[in-house]
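S.K.: compute the structure for the input listed below.
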Amino acid sequence: MSATETPATTDPARGWWAICLCAAWCGTCGSYRSVFDALARAHPQVRFEWVDIEDEAELVDDLDVETFPTLLLADGRTARFLGPLLPQAGALAQLLARLPHEPGASAGPEAQAMFERVRAARVG
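M.R.: Numbering: from 1, shown residues only. Next up is the predicted model:
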């Protein structure tokens, strides 16, 4: 179980995933990590995963991450959001509150492929 994973989210087909794409060298990512971990504790129904785009390059594949932090949110089966997010707790908390109540549009094939790689690596 990862440091930010909670027991309530161990079934990957149920519940939301919040995946942060960052890099160890990024100062913004370093300061965002504690915010991300606090959000994980505040939202036990969501599975939070931290992916270092260099240490785990095979998960990112050829997805171009230009801005940090970049978040991938998925509903357990479908990637629903992929994009840069202000490194503030409120920005991610708002998305987590809003997305489950919106129609299930996909974030696109690249986001879906990356979500499937992360899910397989973290669950499988």
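S.K.: shaky segments in this protein?
M.R.: 1-14, 124 (pLDDT under 70).
S.K.: can you name the residues that contact the residue most central in space within the chain?
M.R.: Most central in the chain under C-alpha atoms, centre = their mean is Ile19, positioned 1.2 Å from the mean C-alpha point. When contacts are counted by C-beta atoms under 8 Å, 6 or more residues apart in numbering, Ile19 touches Phe48, Glu49, Trp50, Val51, Leu71, Leu72, Leu73, Ala74, Phe115, Val118. From N, CA and C alone the C-beta is placed, and that goes for glycine too.
S.K.: partner strands of whichever strand or helix holds the first one and their direction?
M.R.: If I follow you right, that is Phe48. Following DSSP states H and E, one finds Phe48 within strand 46-52. Paired with strand 46-52 in the same sheet, following DSSP bridges, are strand 16-22 (parallel).
S.K.: kindly export the strand it pairs with (C-alpha atoms) in PDB.
M.R.: In PDB, the C-alpha atoms belonging to strand 16-22 read as follows (Å, rounded to 0.1, in the frame of the first residue of the first chain):
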ATOM      1  CA  TRP A  16     -11.800   7.900  -7.700                       C
ATOM      2  CA  TRP A  17      -8.100   8.200  -8.300                       C
ATOM      3  CA  ALA A  18      -6.100  11.400  -8.000                       C
ATOM      4  CA  ILE A  19      -2.700  11.000  -9.600                       C
ATOM      5  CA  CYS A  20      -0.100  13.700  -9.300                       C
ATOM      6  CA  LEU A  21       2.600  13.900 -12.000                       C
ATOM      7  CA  CYS A  22       5.600  15.700 -10.600                       C
END
